[in-house]
Structures are given as C-alpha cells and as structure tokens.
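Student: Sequence first, then the predicted structure:
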Amino acid sequence: MILLTTSHRPTRRVRSLCNDLARSIPGLVKINRGKTSFFDLAEKAVQMKIEKIIVVDRWKGSPGRIRFFRVVDGKMSEKAPRLYVSGVRLRREFGASKENNQKKLIKYMFLDSTEIRGSEVEKLASSLSEFFEIPIFKAEEAPSIYDVYLRFTSSEDCLACISFYTLPSNAEIGPRIKISHVAWQV
C-alpha cells in the first residue's frame, strides 16, 4: 500500500487530483494532511504498515509537484524522481460516462509501453513502475486480469503526459497529468 497526501493548505484542485489518483491507482490510501508534519506523517505510515508516501504539492493554486518518499526506520526519505506538473485534467473534466465515474474497485494496473519515446521518459516510466510495483508491457499484450493502465504520451508543450485508461473499453478515465520536467537529484 501507498499513502497519498497533499502539502499543507491544499486547494480544491489539488484535493481533486488526489481523489482521482486514489480512484485510479490500486493500493493508494488517501489521507487529509492538515497540519501534520513529515515526522507525524512517517509515524502514521509506520502505524498503518505502509512504506511509501506520495505528496502532491501546490503551485499557484494548482498541483505543481509530486514527490515520492520511502519510510525507513520511521523516517521519510525522498526518492527520485520529483515530478513537476504543468497542467492537470481531472476525471470530472473528461465528461466520462457514469460507468467510468463510479468508485469501481481497481485491483490491477500496468504501465503501457506503446508510446514511450526518449530516454528520460523511459527512465521515468521505469522508475514509476518500480515505485508502484506494476509491470510494463504493451496494451494489446495485456492479460485480461488488468482493470486500468497508465500511459505516457508525448506532447510539444511538456516532457510527457501521464493518463489513465480503463479496460476493456480503452476509455481515458483521468486524471491526465502534464509533466513539465523531472528532477532526478532530490
């Protein structure tokens, strides 16, 4: 399991992104952060027997950064990559059918390697696959047990777009996250 939370004083858009991620990625447990310090956050993760934490930070009112942490001996340490977000399209903005907006339990997810282009995007995909403990393969080769897949697409105005798709319909369910750049030294 992975703990998902926000920075202090999140905006509605940051909270909505966290809710969407919790609905799209299996094994995420979303908690409201409030005034909780990193020390208390690590303590809570230890109590819940969780070793990984994701923090979504705000920048100018929107999601601006996504950081990944591991809890070792009750202390949080940030792990690469640190994602800088240039734009987000939430689930509700897709106008998806009610079938896709339901809180359907997602059990299995994989990372689609079909459109991964460039060494930095490959490195990012590999690192996210490792953090979320999900396999990487092409969507058309996916076994039928998978409910959702994560896809990287290229765009002119950002490094990559991360999108979530449901199976078997291959409909984009959101959120869609535009990554402007990635920091590997954290």
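Tutor: Sure thing, it's come through. Residues are numbered from 1 along each chain as shown.

Student: Could you use CA atoms for every contact and neighbour count after this?
Tutor: OK.

Student: element containing residue 69, please.
Tutor: strand 62-72 (DSSP states H and E).

Student: CA-only coordinates of that strand in CSV, if you can.
Tutor: What follows is strand 62-72, C-alpha atoms only, in CSV (Å, rounded to 0.1, in the frame of the first residue of the first chain):
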residue,chain,number,x,y,z
SER,A,62,-2.8,24.1,-8.9
PRO,A,63,-0.9,20.9,-8.5
GLY,A,64,2.7,21.8,-9.1
ARG,A,65,4.9,19.0,-7.9
ILE,A,66,4.6,15.3,-7.0
ARG,A,67,7.2,13.8,-4.6
PHE,A,68,7.8,10.2,-3.7
PHE,A,69,9.0,9.0,-0.3
ARG,A,70,10.0,5.8,1.4
VAL,A,71,9.7,5.3,5.1
VAL,A,72,12.7,3.6,6.6
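
Student: so how far is that strand from its chain's centroid?
Tutor: Relative to its parent chain, strand 62-72 has a centroid offset of 10 Å by Cα atoms, centre = their mean, to the nearest Å.

Student: again with stretch 35-42
Tutor: Relative to its parent chain, stretch 35-42 has a centroid offset of 20 Å by Cα atoms, centre = their mean.

Student: And the spatially most distant residue from the centre of the chain, its phi and psi?
Tutor: Distance from the C-alpha centroid of the chain peaks at residue 73, with 24.5 Å (Cα atoms, centre = their mean). Backbone torsions for residue 73, taken as degrees, to the nearest 10, come to phi 50, psi 40.

Student: dump the residue contacts of it.
Tutor: With Cα atoms under 8 Å, 6 or more residues apart in numbering as the criterion, no residue contacts residue 73.

Student: returning to that earlier point: list the contacts of the helix or strand following the strand holding residue 69.
Tutor: Following strand 62-72 in sequence order, the next helix or strand is strand 75-89 (DSSP H and E). Under the contact criterion Cα under 8 Å, 6+ apart, strand 75-89 has outside partners 17, 38-39, 42-43, 62-71, 124, 127, 158, 174-186.

Student: buried sites along strand 75-89?
Tutor: 75-76, 78-88 (16 or more other Cα atoms under 10 Å).
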